[in-house]
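K.L.:
Predicted coordinates and the sequence they were generated for:
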Amino acid sequence: MPEVDTVKNHFRAKEAMVIAATAVVGMFLLLLLYLGLSRFYNAKEVESLIEGANASDQSYSVVIHNGLTGSYSFSVN
């Protein structure tokens with residue numbers, strides 16, 4: 001019954017491809033989630049720092065290092 005073995009091997013190969021594709025899509029979605037959350041929380045943090053500096057009449061500088069993640073440097077002068 002070589003035909004049965006061929007069908008089984010084909011099914012196993014297809015199953016492995018589905019698992020691999022699912023893993024790749026899952027990792028991509030996790031990356032998007034990480035980038036979105038990083039950018040959101042960094043923007044909120046910068047906003048809070050700026051409001052605090054303005055409330056106490058301090059001068060400040062903000063440098064955004066990465067527009068994708070929103071990583072930044074904040075310093076009060």
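P.N.:
Sure, I can see it.
K.L.:
Which residue ranges of the protein form strands?
P.N.:
According to DSSP state E, the chain carries its strands in the segments 60-66, 71-76.
K.L.:
any chance of these in JSON lines, with mean neighbour count, mean pLDDT and distance to K14 too?
P.N.:
Placement of C-beta: from N, CA and C, glycine included. Shown next, in JSON lines, are those (neighbours: other Cβ atoms under 10 Å; pLDDT from 0 to 100; distance: least, Cβ to Cβ, whole Å):
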{"stretch": "strand 60-66", "mean neighbour count": "11", "mean pLDDT": "96", "distance to K14": "40"}
{"stretch": "strand 71-76", "mean neighbour count": "12", "mean pLDDT": "96", "distance to K14": "42"}
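K.L.:
ok, now which ones touch the spatially closest residue to S71 that is not a sequence neighbour?
P.N.:
Nearest residue to S71, sequence neighbours excluded (Cβ to Cβ, 6 or more residues apart in numbering): H65, at 4.7 Å. H65 makes contact with 71-73, according to Cβ atoms under 8 Å, 6 or more residues apart in numbering.
K.L.:
State the distance from the nearest residue to V63 once chain neighbours are set aside to I64.
P.N.:
Spatial nearest neighbour of V63, excluding adjacent residues (Cβ to Cβ, 6+ apart): S73 at 4.5 Å. Plainly put, S73 is 8 Å away from I64 if you go by Cβ to Cβ, to the nearest Å.
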